[in-house]
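A.B. asks: this one's structure only:
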Ligand SMILES: *Cc1c(COP(=O)(O)O)cnc(C)c1O
């Protein structure tokens, strides 16, 4: 018998069927006979939501009355994925849902598919925020996720006839969205522009215009905790004439932003991930959601109080800044405390620094966000004054800590000169209690390189919290077959809320019966993905080949180009007989990746991958041996389908460039082996699973640094490895552009002359390790043993563990009693 601890459904199938019918009738005005899959989806979602409401209300009440401090996770992105099945899992209603929907004459899968994925994030950073709020709720810690309800999420990716990326707007709210509750009665006013005047010796900001921030609330159910937290996303509206009548006219008459302009603020998610954009609208977005959130927290924790004692604010809530996007919150809280509540500077600074903490997600110094002071002054004149004052106080403090004038100068929050810049990462480091990187290696590099001066003078501020992923979505929902096998193997389903229990699978890696079952699960997942792919994308994938996957944003540092060059080399070797066709291990390669619309090289790489796929898949010489597929529009849903079916996962960024990665964790937990560099969390994954169970290749961080220093000449590597030369020559000669030699010339030129991320230098070791990979794969039992050890030893990468580390090292709080 296996121990079952999963939540028990609050309703029978019959009751749930009736609840769906009620929603159809009273909320939607539709009969069961008329109902489409999409109608059933809306009705079922509304019915499910009702089962969360009581816990939601008690969680909020306990939070406000409670003895424990709440967490406010401030993030410009939340890449949530679909909601319905996650809510069903947390309520223990997955089976009741399936049966009820069938009883109503519908296919549960089609009903689930009717949900449109909210794409309110670019990639890893936004998905991390989503995993974290899941874990906070599951650990019973009171928390708000605070962000933006973008009208258009990350673009929908399509490919044109030439294989180029085409971006289509993602109007995700085109159909009824049953999860978000628009709470017009709890809106906040957010001001912009104007000037600062002195009145009675006090600074008074006279803004030029305001917008109305309306919260849209999503319930965030915890797994087995009985707690339901809130994701509060702000939507920008204009103050209309009705509001004008109710407010003081003289104050508001010219203060109203025309509707279209006001609503622009929350209109689009910026399709960028690591490069800053000097976009005014982006700064407006950042201030908009952070200002609304800070005022919201004061409203929530000091209800109805005109003169709250805000010295207690850091005991009520701690704000985590997910990268620099919300850092304008630091001067905003200072402004609120000083201008709105009358605190003196020192008291306000004490409250502010105790309230904020900062997570840094980058390493490249040039990717650290910087805003021109001039722009901040135009949009937020009072904030610029406060930032300058913070800078002055900070420089004074530094003079007490060091005599090194150059160092002090390097650490300025506001740079000197004609066009001063505000460094948001420095502001965050000075204005908060803790700074953390997102993997051991990354945190070390932050201290040694990126924020070195700060770490030397404030060593206690710096810490590490290695990222994680939620096992509920990325194992239980994505991979029910493996979940059942794990539960069977461990004799309990407790692992879903205590992922270290996966360790109990270690001995089973040597149990032939278990290995056989594991192999069956993987094969069934491959068949399921092949069916899904045929249905959804129209391509045939052969489940009897190795499934090899590289999915993540397209970026030069992630080095999709390394994968494609090795793939072309392999294709050429089969074609020209360097490798005997009969010796080739059949492999199917999957890519998934969006490129930022303005990122030329990334988009050209997408075009190349699509055309390599076209040529390879239509070449009878390699039929059955090599296939390449690039399903468009990589998102959370595709991740949930493809990761469980993958056997070999690619994490091949240049060492020192990927802060952590979370895709790597999802794959290992689903029993894929990784081929990867010593970068980001790969380092820790390899430590946990053991060097024997990880395909390591490529240069280390130190070797990369040495090579930069020595002077890197990529052409040397092109000449040295005939496989690489062959691959690049084929591209140059038009093998993937119908003979046209110009199409990929910019890529080729970059590789041969610049190659900043040293793809060519790592090519040989990457191509060589493929033989090792294929040899192991031929021994399926040996492969599966290692794959099981990957699952068993990566419980550490649960986002529950990440959150526990934040609680202990940074937030100093815990679950509600
Ligand atoms: C996990 C995830 C990512 C992050 O992947 P990395 O390989 O860590 O860059 C990006 N997008 C989606 C949809 C994800 O689920």
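C.D. replies: Sure, I can see it. Keep in mind that this is a model prediction, so the values were computed, not measured.
A.B. asks: Run through the bridge partners of the nearest residue to residue 773 once chain neighbours are set aside.
C.D. replies: By the measure of Cβ to Cβ, 6 or more residues apart in numbering, the closest residue to residue 773 outside its immediate chain neighbours is residue 695, 5.7 Å from it. To be clear about C-beta, it is placed using only N, CA and C from the backbone, and glycine gets the same treatment. According to DSSP bridges, the partner residues bridging residue 695 are residue 675.
A.B. asks: What's the separation between residue 695 and residue 674?
C.D. replies: Separation of residue 695 from residue 674 (Cβ to Cβ, to the nearest Å) stands at 7 Å.
A.B. asks: Kindly report the same for residue 497.
C.D. replies: Noted for residue 497: a distance of 26 Å to residue 674, by Cβ to Cβ.
A.B. asks: Kindly report the same for residue 418.
C.D. replies: 49 Å.
A.B. asks: rewinding a little: residue 497 and residue 674 - which one has more neighbours?
C.D. replies: The neighbour count for residue 497 versus residue 674, taken as other Cβ atoms under 10 Å, is higher for residue 674 (23 against 20).
A.B. asks: taking the mean pLDDT, what do you get for the host helix or strand of residue 50?
C.D. replies: Of the helices and strands defined by DSSP states H and E, residue 50 is found in helix 37-65. Taken as a whole, helix 37-65 has an average pLDDT of 97.
A.B. asks: Kindly report the same for stretch 779-798.
C.D. replies: If you average the pLDDT values across stretch 779-798, you get 98.
A.B. asks: please renumber so the chain begins at 271
C.D. replies: All right, first residue 271 from here; so that's stretch 1049-1068.
A.B. asks: quick one on the thing from earlier: for the residue nearest to residue 1043, what are its contacts?
C.D. replies: Taking Cβ atoms under 8 Å, 6 or more residues apart in numbering, we find residue 965 in contact with 943, 944, 945, 946, 1039, 1042, 1043.
A.B. asks: Would you agree the fourth one is in contact with residue 934?
C.D. replies: By that I understand residue 946. Yes. Taking contact to mean Cβ atoms under 8 Å, the distance of 6.9 Å between residue 946 and residue 934 places them in contact.
A.B. asks: hang on, the earlier thing: next structured bit after the helix holding residue 320?
C.D. replies: Using DSSP H and E, the helix or strand that directly follows helix 307-335 along the chain is strand 340-344.
A.B. asks: what residues does whichever helix or strand comes after that following strand touch?
C.D. replies: Remark: after strand 340-344, the chain's next helix or strand is helix 354-361, criterion DSSP H and E. In this structure, residues lying in contact with helix 354-361 by Cβ under 8 Å, 6+ apart are 277, 279-280, 311, 314-315, 318-319, 321-322, 364, 367, 382, 385, 404, 489, 491-494, 742-743, 746-747.
A.B. asks: Of those residues, which belong to strands?
C.D. replies: Secondary-structure check on the contacts of helix 354-361 using DSSP state E: residues within strands are 489, 491.
A.B. asks: Give me the subset of the contacts of helix 354-361 that also touch the ligand.
C.D. replies: Near the ligand, judged by Cβ under 6 Å from any ligand atom, there are no entries from these.
A.B. asks: Please list only the buried members of the contacts of helix 354-361.
C.D. replies: When burial is judged by neighbour count using 16 or more other Cβ atoms under 10 Å, the buried members of those are 279, 311, 314-315, 318-319, 321-322, 364, 367, 382, 385, 404, 489, 491-494, 742-743, 746-747.
A.B. asks: how many neighbours does residue 960 have?
C.D. replies: Residues contacting residue 960 under the criterion other Cβ under 10 Å number 12.
A.B. asks: since we're on the closest residue to the ligand within the chain, how many residues are nearby?
C.D. replies: Distance from the ligand to each residue of the chain (Cβ to the nearest ligand atom) is smallest for residue 933, at 2.5 Å. For residue 933, the tally of surrounding residues (other Cβ under 10 Å) stands at 28.
A.B. asks: Test my guess that it contacts residue 394.
C.D. replies: Yes. Here residue 933 reaches residue 394: they are 7.3 Å apart, a contact under Cβ under 8 Å.
A.B. asks: Need the residues touching each of these two.
C.D. replies: Common neighbours of residue 933 and residue 394, counting by Cβ under 8 Å, 6+ apart, are residue 822.
A.B. asks: Let me know the outermost residue of this structure.
C.D. replies: Computed with Cα atoms, centre = their mean, the residue of the chain farthest from its C-alpha average is residue 470, at 47.6 Å.
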